[in-house]
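**Student:** Need coordinates for the following:
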Amino acid sequence: MGECTVLGLQEKLGKENTTLVDVREYAEFAGGRVSGAKLVPLNEIESRHRELDHSHTVYVMCRSGRRSSEAQKRLRALGFTNVVNVRGGLEAWKNEDLPIERDERAPWALDRQVRFAAGLMVLTAVLLSVFVSQHFVWVAGFVGAGLAFAGATDWCGMAMLLARMPWNRKVHLSDSSVSPVN
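**Tutor:** Prediction:
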């Protein structure tokens, strides 16, 4: 079995020999996740795969299913024989009105951080181009091109950079900081 739906996942959660791994970044995980999911960001799969039980069926999920598909490939290459990609990821989970939990002190969502940072960069570049040198307008153009590229490819370098900032790197969650949503 290579893929399952979120409803199929819901039936399997809590059963023996089942592990749910969320491969998104901490900020995304803290902002909303399936209860019981273990956070192992995609870029840490190779270094943290020993934390997972090879005898379990490992369900991998992300926001939409793209990164979890990549995680599935990587885990299989590392010797995991039973890895299932959750089709549609957390977005599909939310569309089915299934419960999620979130960290009460979750950082802003990465897309919100990207919009804020890009907006500040464009505003600063425009002001510098008016008051200092017109060459600063190229900075605004570069940011705009980056946002267009991110929209076309669904890959955002600024989001990846922001995900590595200290406020987005909290790994361990305390139970007291988790609250259910829905």
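**Student:** Show me what the closest residue in space to residue 33 that isn't next to it in sequence is bridged to.
**Tutor:** Take residue 33 and drop its neighbours on the chain: the residue closest to it by CB to CB, 6 or more residues apart in numbering is residue 22, 5.6 Å away. C-beta coordinates here come from the backbone N, C-alpha and C atoms, glycine included. With DSSP bridges applied, the residues forming beta bridges to residue 22 are residue 39, residue 61.
**Student:** count of neighbours near residue 22?
**Tutor:** Other residues within reach of residue 22, judged by other CB atoms under 10 Å, total 28.
**Student:** chain center to the biggest helix by length in the chain: distance?
**Tutor:** With secondary structure taken from DSSP state H, the chain has its longest helix at helix 110-131. Mean-position distance between helix 110-131 and its chain equals 23 Å (CA atoms, centre = their mean, to the nearest Å).
**Student:** sorry, back to before: ok, now which ones touch the residue nearest to residue 33?
**Tutor:** In this structure, residue 22 makes contact with 29, 33, 34, 37, 38, 39, 40, 60, 61, 62, 90, judged by CB atoms under 8 Å, 6 or more residues apart in numbering.
**Student:** rerun at 6 Å
**Tutor:** For residue 22, the set of contacting residues under the criterion of CB atoms under 6 Å, 6 or more residues apart in numbering consists of 29, 33, 37, 39, 61.
**Student:** which among those residues gets closest to residue 86?
**Tutor:** The shortest gap between residue 86 and any of those belongs to residue 61, at 3.9 Å (CB to CB).
**Student:** distance of the closest one from residue 71?
**Tutor:** When CB to CB, to the nearest Å is applied, the distance between residue 61 and residue 71 equals 9 Å.
**Student:** higher neighbour count, the two?
**Tutor:** Remark: of residue 61 and residue 71, residue 61 carries more neighbours, 29 against 24, as counted by other CB under 10 Å.
**Student:** so the more buried one touches residue 68, yeah?
**Tutor:** Yes: counting by CB atoms under 6 Å, residue 61 touches residue 68, with 5.0 Å between them.
**Student:** sorry, back to before: where's the residue nearest to residue 33 relative to residue 57, distance?
**Tutor:** Computed as CB to CB, the residue 22 to residue 57 distance reads 16 Å.
**Student:** how about the longest helix of the chain as PDB, C-alpha atoms only?
**Tutor:** What follows is helix 110-131, C-alpha atoms only, in PDB (Å, rounded to 0.1, in the frame of the first residue of the first chain):
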ATOM      1  CA  LEU A 110       5.400  30.200   7.300                       C
ATOM      2  CA  ASP A 111       3.300  31.700   4.400                       C
ATOM      3  CA  ARG A 112       2.400  34.600   6.700                       C
ATOM      4  CA  GLN A 113       6.100  35.100   7.600                       C
ATOM      5  CA  VAL A 114       7.000  35.100   3.900                       C
ATOM      6  CA  ARG A 115       4.300  37.700   3.100                       C
ATOM      7  CA  PHE A 116       5.500  39.900   6.000                       C
ATOM      8  CA  ALA A 117       9.200  39.600   5.100                       C
ATOM      9  CA  ALA A 118       8.600  40.100   1.400                       C
ATOM     10  CA  GLY A 119       6.400  43.100   2.100                       C
ATOM     11  CA  LEU A 120       9.000  44.700   4.300                       C
ATOM     12  CA  MET A 121      11.700  44.100   1.700                       C
ATOM     13  CA  VAL A 122       9.600  45.600  -1.100                       C
ATOM     14  CA  LEU A 123       8.700  48.600   1.000                       C
ATOM     15  CA  THR A 124      12.300  49.200   2.000                       C
ATOM     16  CA  ALA A 125      13.500  48.800  -1.500                       C
ATOM     17  CA  VAL A 126      10.900  51.300  -2.800                       C
ATOM     18  CA  LEU A 127      11.800  53.800  -0.100                       C
ATOM     19  CA  LEU A 128      15.500  53.400  -0.800                       C
ATOM     20  CA  SER A 129      14.900  53.800  -4.500                       C
ATOM     21  CA  VAL A 130      13.100  57.100  -4.000                       C
ATOM     22  CA  PHE A 131      15.400  58.600  -1.400                       C
END
